[in-house]
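In: Turn this into a model:
(one chain, ligands or ions: 2)
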Amino acid sequence: MLSVSAKPVPITELKGVGTALALKLERLGLETIQDLLLHLPLRYQDRTRVLPIGSLRPGDEGVIVGHIAASDITYGRRKALMCRVQDGTGSITLRFFHFSAAQKNSLAQGKRIRCFGEARPGPASLEMVHPEYKVIADEGSVRVDDALTPVYPLTEGLTQGRIRGLVEQALGWLDKGIVEDLLPDNLRQQWQLPELTESIRYLHQPPVAADQEQMLEGKHPAQQRLAFEELLAHHLSLLKIRQKVQEQGAPLLKATGKLSLPFIASLPFELTQAQRRVAREVARDMTLPVPMLRLVQGDVGSGKTVVAALAAIQALENGAQAAVMAPTEILAEQHYNNFSAWLEPLGVSVAWLAGKVKGKQRARELERIANGEAQLAVGTHALFQEEVRFHNLAVVVVDEQHRFGVHQRLSLREKGCNGEQTPHQLIMTATPIPRTLTMSAYADLDCSIIDELPPGRTPVNTVVIADGRRDEVIARVRSACSEGRQAYWVCTLIEESEALQCQAAEVTAESLRETLPELRIGLVHGRLKAAEKAQIMASFKAAELDLLVATTVIEVGVDVPNASLMIIENPERLGLAQLHQLRGRVGRGSVESFCVLMYHAPLSQQGRERLAVMRESTDGFRIAEKDLELRGPGEVLGTRQTGMMQFRIADLQRDAHLLPRVKRAAADIEQAPALMDALIRRWLGQGEAYARV
Ligand code: ADP
Ligand code: MG
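Out: Residues are numbered from 1 along each chain as shown. Ligands and ions are numbered 1, 2, ... in the order given. Okay, the predicted model is just below:
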């Protein structure tokens, strides 16, 4: 169906592209002529008309034509050649810091020149610094371009002139049909998408009349056409991963109720409607012989852990194993404690595996996992290292998926491969993800949302205060604790270094101990030994400590209902999702809770907006949307995910309105493997993720 002409053509086929230039182009991700054709200009210059000098405003860029009224070398702070150019409507100064004698001579008084440059305010009048120029005939009309001039993203050692020349050559290849329109006709017609080659040509050489503003915003139909196709290709690449997984069979797990019913009965609370609904969706997936690929989203405290437990239990009910993986040791340990407490009374044996489980204990846990004695294994990614062999793994639950990228998702599955069958996968996010991101970054997963909090939660009151008022904040901690409540004091630091973070927390704890001698103050950070950490957490939980100073390690996991005050230092350094996650540590009991965001002044405009969002909302979904709006998808998904989210043309925010259509189109195209592959190849090349599938 696809013609041979649509094959990728190496960029070295262009005249003048040797090894050295090819390497530079590769740095821009350009390996084929097709890639170059999809390398779109950042903006355009207008050289299609001559601007009257008198009309120029600072910042205007364009062509002027005039006579040189004066040409002098000045010796101010820097030697410069200054030419005064007039055209009858006004005058402007050209300033050259670098010039040869020949240049000086050619720019003599009385000569007529054409210049292109940007007008900037100078000491006396508007100036153009180092404009492009050409001395032209004294009389006669002036030649101008008939298309806008593209300005491309560059890399070191590559000039605009060079790349423009290459693109011009590439457009010749475009005429030979090397970029085939892959979108089915009906789809193109339905959404009135312009033709592909036309769109590409238009964007490299827009006509004089093109709406430049629209193009700068990326909203021109030609750009939207390409953005649509790019989003579609990304979407398809994820669907392809999904297809590959689902080609492998999965164990069929019946929900017998043998363990789940006593488990639910043992809980000190009733499941919420939302928990029930999502648990049902998960349970149904696992009764099919196709691997489940489901994402569970829910706000902090919505009770995702119980849903995870129910998924694991369904495997156990069928005599198979389950694994529960968390991204940090603290969180994994908390799960281990929870799951053991829940399931051991029901006769389930739980194994524990993390980096710090070593020596004999590790060997024993590995053996219990391998021989099936342990029905459930809880741990960090240590669970999926080479040495770990499962007896009959049927379900994998990954908590706080946020921190794992799609690559981990893949390796995880490889790990789980067990003879003929692939385990079911349940992925839980730490915090909600905006819908548009779910639609694009998690297109390979079905999505369930726990959209209800357990009853009896009181929303946390959030206050934003400058750290100049630290004394007031400390007084507040004192009074809360004197009333028998407990508080967290969270230290943040820009540095990635955990050592520095811990040091900062130590210093803070020390100074708080001095200021608040009557309080029992504990300190936890990532560098403490697990046993120490556990002991401090346990004493805080047992109310033997009033105040817990901590780094962001407590972001996830800790559950102390009596803690009703949280101070976060320098909240402006954290993402909104992380702040929301931290704040979720309070407001777990029935007393009114407070979160004090103690920022370091001055805040940027964006910083102010972000903290205002935290003050005004406790809805994780809304906060996530806001975070996306303010900081973009890379920040919201975490850097690990961004590899998947780098687009050449599309912009998830700008083009979010295309996503529902992308999703529908992808569902159709998924049925046409050759087309699907061609689209993926065009936009994503042979990315590592796909090679591994
Ligand atoms: P998250 O969704 O943030 O992972 P957890 O699963 O840790 O939330 O649950 C938060 C707290 O709420 C835990 O103490 C848990 O025992 C409790 N919880 C979970 N479900 C319910 C419920 N239906 N009713 C009351 N409390 C619940
Ligand atoms: Mg959780």
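
In: Contact residues of the stretch 551-693 of the chain facing ligand 1?
Out: Neighbours of ligand 1 within the stretch 551-693 of the chain, by CB under 6 Å from any ligand atom: Asp559. The way it works is simple: take the backbone N, C-alpha and C, and place the C-beta from them, glycine included.

In: Quick check, the residue in the stretch 551-693 of the chain closest to ligand 1?
Out: Asp559 (4.7 Å; CB to the nearest ligand atom).

In: A helix includes that residue, no?
Out: No: residue state for Asp559 (DSSP: H, G, I helix; E, B strand; the rest coil) corresponds to coil; a helix is not indicated.

In: ok, for it, nearest residue in space, not its chain neighbours?
Out: Arg588 (6.3 Å; CB to CB, 6 or more residues apart in numbering).

In: Look through the chain and tell me its longest strand.
Out: In the chain, with assignment by DSSP state E, the single longest strand is strand 61-75.

In: distance of Gly59 from Ala119?
Out: According to CB to CB, to the nearest Å, Gly59 and Ala119 sit 7 Å apart.

In: which residues touch the residue nearest to Asp559?
Out: For Arg588, the contact set (CB atoms under 8 Å, 6 or more residues apart in numbering) comprises Gly301, Arg457, Asp559, Val560, Pro561, Ala563.

In: quick one: the residue of the stretch 401-550 of the chain at minimum distance from ligand 1 and Ala309, what's the gap?
Out: Proximity of the stretch 401-550 of the chain to ligand 1 (CB to the nearest ligand atom) peaks at Pro454, 3.2 Å away. As for Pro454, its distance to Ala309 is 15 Å (criterion: CB to CB).

In: Of those two, give the one with the bigger neighbour count.
Out: Ala309 (25 against 16; other CB atoms under 10 Å).

In: Which helix or strand lies directly C-terminal to the helix or strand harbouring the more buried one?
Out: Following DSSP states H and E, one finds Ala309 within helix 304-317. Using DSSP H and E, the helix or strand that follows helix 304-317 in sequence is strand 321-325.

In: Compute the inter-axis angle for that following strand and helix 304-317.
Out: Per axes from the mean of the first three to the mean of the last three CA atoms, to 10 degrees, the angle that strand 321-325 makes with helix 304-317 is 160 degrees.

In: name the helices or strands packed onto strand 321-325?
Out: Here strand 321-325 touches helix 304-317, helix 329-343, strand 376-379, strand 393-398, going by 3 or more CB pairs under 8 Å, 6 or more residues apart in numbering; DSSP states H and E.

In: Dump the ones you listed to JSON lines, plus distance to Glu569 and mean pLDDT.
Out: Formatted as JSON lines, the helices and strands packed on strand 321-325 follow (distance: least, CB to CB, whole Å; pLDDT from 0 to 100):
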{"stretch": "helix 304-317", "distance to Glu569": "28", "mean pLDDT": "96"}
{"stretch": "helix 329-343", "distance to Glu569": "20", "mean pLDDT": "89"}
{"stretch": "strand 376-379", "distance to Glu569": "32", "mean pLDDT": "96"}
{"stretch": "strand 393-398", "distance to Glu569": "31", "mean pLDDT": "92"}
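
In: Other residues contacting the one helix or strand Arg664 maps to?
Out: Using DSSP H and E, Arg664 sits in helix 659-669. Residues from elsewhere that reach helix 659-669 (CB under 8 Å, 6+ apart): 183-184, 187, 191, 228, 231-232, 235-236, 239, 436, 439-440, 443, 675-676, 679.

In: so what does the next helix-or-strand element following that helix touch, helix or strand wise?
Out: Counting by DSSP H and E, the next helix or strand C-terminal to helix 659-669 is helix 673-684. Counting contacts by 3+ CB pairs under 8 Å, 6+ apart, helix 673-684 packs against helix 221-247, helix 659-669.

In: Buried residues, the longest one. List them.
Out: I take that to be helix 221-247. Residues of helix 221-247 classed as buried: 222-242, 244-246 (neighbour count, 16 or more other CB atoms under 10 Å).

In: Could you count how many residues lie near the closest residue to Asp299 other than its chain neighbours?
Out: Leaving aside its sequence neighbours, Asp299 sits nearest to Gly620 (CB to CB, 6+ apart; 3.7 Å). Per other CB under 10 Å, the neighbour tally for Gly620 reads 26.

In: so Gly620 makes contact with Gln578?
Out: No: Gly620 is beyond contact range of Gln578, at 11.7 Å (criterion: CB atoms under 8 Å).

In: On the three-state scheme, the residue nearest to Asp559 is what?
Out: Under three-state DSSP, Arg588 comes out as coil.

In: What are the phi and psi values at it?
Out: Dihedral angles of Arg588 (phi, psi; degrees, to the nearest 10) stand at phi -100, psi -10.

In: Next, work out how far apart it and Met614 are.
Out: Distance of Arg588 to Met614, computed by CB to CB: 18 Å.

In: got the residue ranges for the strands in the stretch 501-650 of the chain?
Out: Ranges of strands in the stretch 501-650 of the chain, per DSSP state E, counting those that start in this stretch, are 521-524, 547-550, 563-569, 594-599.

In: Using a markdown table, please lay out those strands together with mean pLDDT.
Out: Output for the strands of the stretch 501-650 of the chain, formatted as a markdown table (pLDDT from 0 to 100):
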| stretch | mean pLDDT |
| --- | --- |
| strand 521-524 | 92 |
| strand 547-550 | 94 |
| strand 563-569 | 94 |
| strand 594-599 | 96 |
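
In: Tell me which of those strands sits most buried.
Out: Neighbour counts (mean count of other CB atoms under 10 Å) averaged over each of the strands of the stretch 501-650 of the chain peak at strand 547-550, with a mean of 27.

In: Quick check: can you name the pairing partners of that one and their directions?
Out: Applying DSSP bridges to the sheet, strand 547-550 is found paired with strand 486-490 (parallel), strand 521-524 (parallel).

In: sorry, back to before: mind listing what's buried in the helix holding Arg664?
Out: Buried, per 16+ other CB under 10 Å, within helix 659-669: Leu659, Arg661, Val662, Lys663, Ala665, Ala666, Ile669.

In: circling back to that earlier point, OK, contacts around the residue of the stretch 551-693 of the chain closest to ligand 1?
Out: Applying CB under 8 Å, 6+ apart, the residues near Asp559 are Gln334, Arg585, Arg588.

In: Out of the helices and strands packed on strand 321-325, which is closest to ligand 1?
Out: Nearest of the helices and strands packed on strand 321-325 to ligand 1, taken as CB to the nearest ligand atom: helix 304-317 at 3.2 Å.

In: So what angle separates the directions of the closest one and strand 393-398?
Out: Going by the same axes, to 10 degrees, helix 304-317 is angled at 170 degrees with respect to strand 393-398.

In: Are helix 304-317 and ligand 1 in contact anywhere?
Out: Yes: Helix 304-317 is in contact with ligand 1 by CB under 6 Å from any ligand atom, via Lys304, Thr305, Val306.

In: Pull out the CA atoms of that helix and give them to me as PDB.
Out: Extracted as PDB, the C-alpha positions of helix 304-317 are listed here (Å, rounded to 0.1, in the frame of the first residue of the first chain):
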ATOM      1  CA  LYS A 304      -5.600   3.700  46.300                       C
ATOM      2  CA  THR A 305      -3.800   1.200  48.500                       C
ATOM      3  CA  VAL A 306      -6.900  -0.800  49.300                       C
ATOM      4  CA  VAL A 307      -7.600  -1.100  45.600                       C
ATOM      5  CA  ALA A 308      -4.000  -2.300  45.000                       C
ATOM      6  CA  ALA A 309      -4.400  -4.900  47.700                       C
ATOM      7  CA  LEU A 310      -7.600  -6.200  46.100                       C
ATOM      8  CA  ALA A 311      -5.800  -6.600  42.800                       C
ATOM      9  CA  ALA A 312      -3.000  -8.600  44.500                       C
ATOM     10  CA  ILE A 313      -5.600 -10.700  46.400                       C
ATOM     11  CA  GLN A 314      -7.200 -11.800  43.200                       C
ATOM     12  CA  ALA A 315      -3.900 -13.400  42.100                       C
ATOM     13  CA  LEU A 316      -3.600 -15.100  45.500                       C
ATOM     14  CA  GLU A 317      -7.100 -16.400  45.300                       C
END
